[in-house]
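Trainee: Based on what follows, work out the 3D shape:
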Amino acid sequence: MADGLDSVLQVIATVKSGLADQLTADSRIEDLRLDSLDEVEILMALEDAHDIEIDQAQVKSCATLGDLGHLVDVQKGRKAGA
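Mentor: Predicted coordinates for the structure are as follows:
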């Protein structure tokens, strides 16, 4: 299974295909100009891919794609430790 960052990059590249070449760990989420539907689609895809639940409040605290990837990894770790 891909790590959190790889998964985030893959999902966002699928949702926003025109951005695929520009996505890095340092990409700022606000610069991606995601609408609310994009955000929900990305969140649901990440939750489904990793069988985790991600709180939207936690997502809002993520500034970069690397931060979001770390959040996915943390949630995966919590599930594994449960």
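
Trainee: The chain: helices as residue ranges?
Mentor: 4-15, 36-50, 56-60, 65-81 (DSSP state H).

Trainee: distance between the longest one and the chain's centre?
Mentor: In other words, helix 65-81. Relative to its chain's centre, helix 65-81 lies at 10 Å (Cα atoms, centre = their mean, to the nearest Å).

Trainee: Out of the helices of the chain, which one sits most buried?
Mentor: Of these, the one with the most neighbours on average (mean count of other Cβ atoms under 10 Å) is helix 4-15, at a mean of 19. Where you see a C-beta, it was placed from the backbone N, CA and C, and this is true even at glycine.

Trainee: That one to helix 65-81, inter-axis angle?
Mentor: Interaxial angle of helix 4-15 relative to helix 65-81 (axes from the mean of the first three to the mean of the last three Cα atoms, to 10 degrees): 120 degrees.

Trainee: Check the gap between Glu47 and Leu71 for me.
Mentor: 11 Å (Cβ to Cβ, to the nearest Å).

Trainee: and Ile29, how many residues sit next to it?
Mentor: 19 (other Cβ atoms under 10 Å).

Trainee: pretty sure it contacts Gly66?
Mentor: No: with contact defined as Cβ atoms under 8 Å, Ile29 does not count as touching Gly66 (10.1 Å).

Trainee: OK, contacts around Leu9?
Mentor: Contacts for Leu9 (Cβ atoms under 8 Å, 6 or more residues apart in numbering) come out as 23, 65, 69.
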